[in-house]
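> model the structure of this input:
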Amino acid sequence: MKRRVVITGLGVIAPNGIGKDEFWKSLKEGKSGITRITRFDATTYPCQVAGEVRNFDPTNYMDPKTAKRMDRFSHFALVCAKMAMKDAGLEMNGYSSERAGVVSGSALGGVPHAEAQHALFLEKGLKRIDPLLAIKLFPGEAASQISIQLHTKGPAYTISTACVSGVDAIGLGFSLIKDNAIDVAIVGGSEAPLAPMTFGAFCNVGALSKANENPQAASKPFDIERDGFAMSEGGGFLVLEELSHAVRRDAHIYAELVGFGATSDAYHMTRSNPSGDEAINAIKIALCEADLDPLSVEYVNAHGSSTPLNDEIETVIIKKVFNDYAYKLPISSNKSMLGHSLGAAGAIEVIASVLTIEDSFIPPTINYQHPDPQCDLNYVPNRGINKEVNTVLSNSFAFGSRNAAVVIKKYNNNR
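Next comes the predicted model:
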């Protein structure tokens with residue numbers, strides 16, 4: 001019999017809220033977390049806005065010695081994982097450590113920390129390099145720290161697939177449980193990319209918004225005046241469990257993860273294929289695994305990056321998957337409020353999708369003021385809606401021609 005996978009814990013850190021309650025309240029209210037950059041001096045940059053996580057002190061969640069040994073992206077990952085495990089009621093007990101695993105996603109890992117160390121190296125020489133850079137630099141630090149701190153002894157994998165890293169991590173955890181390799185998976189993504197050179201590279205490639213005078217309106221998915229995404233930081237982790245494992249301990253079940261699909265366009269490093277064909281296949285694979293007809297989907301949590309081409313292509317993709325039904329589907333982009341946190345973005349959006357089911361509320365796409373004739377679907381503009389939602393599709397796309405899709409359903413113990 002096919003093993004079913006349910007979601008029992010959520011942990012999130014985002015520019016508009018730390019913890020699932022504050023995060024969800026901000027999404028419901030349409031609250032943007034985008035501001036002018038304060039992390040470094042960006043006055044000479046054409047792009048000067050970002051989604052910074054404020055009021056986050058890792059030593060509120062771990063001892064200072066542990067915090068010192070970790071990069072900021074790993075701080076986000078470990079704290080989100082701890083939040084999710086506490087939310088699931090699985091702190092240090094209630095599960096076999098040998099049957100629990102970790103899958104963490106990050107596009108950049110500790111590269112921004114390396115920037116500061118490189119500058120110090122050039123100025124002061126070899127002996128001034130922080131020896132902990134060897135640990136902080138690699139993307140696998142987050143998964144290892146989570147495993148060490150939470151005593152999981154199953155697989156501890158790292159996924160680095162650009163902006164679909166967090167969703168791919170969820171997909172791998174889903175597969176490990178289905179295949180009976182483990183019973184509990186701590187999965188998600190984290191990113192801390194707001195450093196001068198890293199930010200500048202995305203600025204130079206033309207991906208970032210230049211709406212510097214009105215930061216909160218910089219991310220405007222599907223609006224005809226969109227001019228790029230607002231880079232942000234943060235993390236999102238979920239606890240996945242095999243159904244009977246969750247039921248035995250009387251866990252609160254948020255939703256059931258029923259389908260995952262991943263494909264590659266094999267097209268271009270920074271542009272999606274305009275046909276959208278392989279992204280469509282990713283969605284169809286996820287729906288097929290879920291044994292669902294497209295008409296069963298009641299809400300699409302869009303990738304919605306706020307870049308001119310990608311939003312148009314995603315609209316085409318949705319139309320090709322859902323045909324006429326696409327015009328009836330509510331679709332919204334969390335990035336309008338959160339910005340784009342690269343490898344963390346998809347995992348955070350899956351958490352928002354779970355909370356949509358839990359709370360019967362669809363968050364809005366804010367900053368939607370000027371409709372684009374090429375983006376002519378219902379993007380839930382500016383104000384969220386109360387609506388019972390049983391099935392959600394969450395899309396993620398990435399540099400390197402990558403596509404990923406997740407299907408989540410309201411849990412039904414009679415299925």
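> quick one: low-confidence residue ranges for this structure.
Applying pLDDT under 70 to the chain flags the ranges 1, 92-93, 415.
> ok, Thr270 touching Ala201?
No. The pair Thr270 / Ala201 is not scored as a contact, 11.5 Å apart, by C-beta atoms under 8 Å. The C-beta positions use only the backbone N, C-alpha and C, and glycine is treated the same way.
> now do the helices in the stretch 201-350 of the chain.
243-248, 277-290, 308-322, 335-338, 345-359 (DSSP state H, counting those that start in this stretch).
> which residues does the fourth one contact?
To tie it back to what came earlier, the one meant is helix 335-338. Outside helix 335-338, the residues that touch it by C-beta atoms under 8 Å, 6 or more residues apart in numbering are 14-16, 26-27, 30-34, 51, 219-221, 229-230, 232, 234, 303-306, 345, 348, 363-368.
> repeat that for the second one.
Counting contacts by C-beta under 8 Å, 6+ apart, the residues outside helix 277-290 that touch it are 258-266, 272-273, 293-294, 297, 313-314, 317, 320-321, 393, 395, 397, 401, 403-407, 409.
> try 7 Å this time
258-265, 272, 294, 317, 320-321, 393, 397, 403-407 (C-beta atoms under 7 Å, 6 or more residues apart in numbering).
> pick the most buried one from the helices of the stretch 201-350 of the chain.
helix 335-338 (a mean of 31; mean count of other C-beta atoms under 10 Å).
> one step back: Thr59: which of the helices of the stretch 201-350 of the chain is closest?
For the helices of the stretch 201-350 of the chain, the distance to Thr59 is smallest for helix 345-359, at 23.2 Å, taking C-beta to C-beta.
> just checking, what packs against that closest one?
Helix 345-359 makes packing contacts with strand 5-14, helix 20-29, helix 165-178, strand 184-191, strand 234-242, strand 299-301, strand 391-398, strand 402-409 when contacts are defined by 3 or more C-beta pairs under 7 Å, 6 or more residues apart in numbering; DSSP states H and E.
> helices or strands up against the fifth one?
Okay, so that is strand 234-242. So strand 234-242, by 3+ C-beta pairs under 7 Å, 6+ apart, packs with strand 5-14, helix 72-88, helix 165-178, strand 184-191, helix 345-359.
> the fourth one vs helix 165-178, what angle?
On the basis of axes from the mean of the first three to the mean of the last three C-alpha atoms, to 10 degrees, strand 184-191 is oriented at 170 degrees to helix 165-178.
> who does strand 184-191 pair up with?
Applying DSSP bridges, strand 184-191 is found paired with strand 100-105 (parallel), strand 234-242 (antiparallel).
> between those, which one is closest to Asp87.
Taking those one by one with C-beta to C-beta, strand 234-242 is closest: 7.3 Å.
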